[in-house]
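Participant: here are the coordinates; sequence isn't available:
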């Protein structure tokens, strides 16, 4: 068996340099997360002192004279690794450079570090039913999450608490306070005090002026938007995309089969992101705005290049005639096989935020985000102007809802060329805008007589409801 040649001194030096740089990046990321956590802990200590009851304080004072115990040791200060020093340049045993030298140092991490502070979604309570019987039922949780950005209180979100870090990222993105998640250094959530501490890399310019004007929206629990609701809408450009009627039915059926908090406890909204008929992520929250913000945060944390899906979709399937793009029984051309092999494999970008101890994004990621060009957004809630604008900001050109649409939502969608499909249940739907994006297949809808029985629109019109 042939032996590999030994590494040259130059190759060994390069390998050692790469290993040292990787280790330094890890220390930098740990330092940044530690500082964000320190701020949350400080807030926790401050608020917990303020809410102590007199009884508890009296008991503490009484016990202090009996069993005096040493105060708990202060946690160690966050260790700043300082700027990176080349392995070749650093003398053996040299101490780390001073912390002050890190000022102005460019942090190489592309994506923010996130905690994974998911909270229980439901709670069991007692209720009395119509027969006078006491029963135990599940109801959705609802929590207040106060968002601090660079130590400045920004907003309090009422949320289910499933993926709070992604919710905060998506909120900042959809509120146009940050242009990309690369501007955020870390998001640390602590449910003990209901706080999300956001640390940005260079601050948010004019944050006071940009958050001074608040628009109360039609969101559940009174949603709000900072700034002018319609500002920069005309600058949004949506990519060309279509959806077939068959794919629409596939989406509706996938939602019907999806296990959800709504099925077990009700009282929540659900949103999902689809690629064709494939569901990429499903999110529930007490308000539909929170759910779409969470999906926006999830998309921003993905590291798939926007052209990857388009490039893979453009290739003919395995065994297809490359000239015709359909099953032909011929041999795939060598250039087609090479092109397919050059693309990352399916599943190379798993959904972020799965079950894991460490929910921090990898620092090696380029963080370009996921393109919405070939995606479809689904919501159980109504399509208001804010929902339409948020979908457009995410670059998603097709939106489906099992509910209806408001007048302003329809007008904004028409201006943007965004396809809005409402009242989508079973085989029924109404396309309110962007009809050119919907590839109709009326034969799939079934007989009109069959639909007429289940149609509330026909029943209400017969009773003079219109």
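Facilitator: Yep, it's here. The structure displayed is predicted, hence computed values, not measured ones. Numbering: from 1, shown residues only.

Participant: Give me the residues contacting the host helix or strand of residue 283.
Facilitator: Assigned by DSSP states H and E, residue 283 belongs to strand 278-285. Contact with strand 278-285 is made by 121, 159-160, 162-163, 167, 251, 254, 258, 260-262, 268-274, 291, 294-295, 298, 351, 375, as judged by Cβ atoms under 8 Å, 6 or more residues apart in numbering. (Each C-beta comes from the backbone N, C-alpha and C, glycine too.)

Participant: go on, stretch 382-392?
Facilitator: By Cβ under 8 Å, 6+ apart, stretch 382-392 touches 174, 217-219, 223, 225, 229-230, 233, 236, 238, 288-289, 292-293, 296, 377, 379, 381, 399, 401, 403-406, 408-413, 416, 418, 420, 422, 432.

Participant: In strands, which of those appear?
Facilitator: When the contacts of stretch 382-392 are checked against strands (DSSP state E), the matches are 225, 377, 379, 399, 401, 420, 422, 432.

Participant: Can I have the buried ones of the residues you listed as a ChimeraX selection?
Facilitator: Applying 16 or more other Cβ atoms under 10 Å to the ones in strands among the contacts of stretch 382-392, the buried members can be selected in ChimeraX as follows:
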select :225,377,379,399,401,420,422,432
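
Participant: So which residues of this protein form helices?
Facilitator: Secondary structure of the chain (DSSP state H): helices located at 9-50, 54-64, 164-174, 207-210, 245-257, 261-265, 288-301, 306-314, 334-342, 385-393, 407-416, 448-454, 456-462.

Participant: Now do the fifth one: which elements does it pack against?
Facilitator: Just to be clear, that refers to helix 245-257. strand 269-275, strand 376-379, strand 398-401, strand 419-425, strand 438-439 (3 or more Cβ pairs under 8 Å, 6 or more residues apart in numbering; DSSP states H and E).

Participant: quick check: angle from the first one to helix 385-393?
Facilitator: Here strand 269-275 runs at an angle of 20 degrees relative to helix 385-393 (axes from the mean of the first three to the mean of the last three Cα atoms, to 10 degrees).

Participant: which of the residues in strand 269-275 are buried?
Facilitator: For strand 269-275, by 16+ other Cβ under 10 Å, it's 269, 270, 271, 272, 273, 274.

Participant: Please name every helix or strand in contact with that strand.
Facilitator: Using 3+ Cβ pairs under 8 Å, 6+ apart, strand 269-275 is in contact with helix 245-257, strand 278-285, helix 288-301, strand 376-379.

Participant: can you tell which of those is closest to residue 195?
Facilitator: Ranking those by distance to residue 195, with Cβ to Cβ as the measure, places helix 288-301 first at 16.7 Å.

Participant: Would you mind listing the buried residues in the closest one?
Facilitator: Those would be 288-301, for helix 288-301 by 16+ other Cβ under 10 Å.

Participant: do the same with stretch 138-149
Facilitator: For stretch 138-149, by 16+ other Cβ under 10 Å, it's 139, 140, 141, 142, 145, 147, 148, 149.

Participant: which ones among those are found in strands?
Facilitator: 139, 140, 145, 147, 148, 149.

Participant: Surely the last one is in contact with residue 196?
Facilitator: Just to be clear, that refers to residue 149. No - assessed by Cβ atoms under 8 Å, residue 149 is found out of contact with residue 196, at 9.2 Å.

Participant: can you pull the contacts of the residue lying closest to residue 142 once chain neighbours are set aside?
Facilitator: Residue nearest to residue 142 in three dimensions, not counting chain neighbours: residue 286, with 5.3 Å by Cβ to Cβ, 6 or more residues apart in numbering. Listed by Cβ under 8 Å, 6+ apart, the contact set of residue 286 reads 140, 142, 158, 159, 160, 220, 221, 267, 268, 269.

Participant: Does the fourth one touch residue 166 like I think?
Facilitator: Meaning residue 159. No - Residue 159 is beyond contact range of residue 166, at 10.9 Å (criterion: Cβ under 8 Å).

Participant: For residue 251, which non-adjacent residue is spatially closest?
Facilitator: residue 274 (5.4 Å).

Participant: What's the per-residue pLDDT of that neighbour here?
Facilitator: pLDDT, residue 274: 96.

Participant: Specify the beta-bridge partners of it.
Facilitator: residue 279, residue 376 (DSSP bridges).

Participant: That one against residue 376, yeah?
Facilitator: Yes - the pair residue 274 / residue 376 is scored as a contact, 4.3 Å apart, by Cβ under 8 Å.
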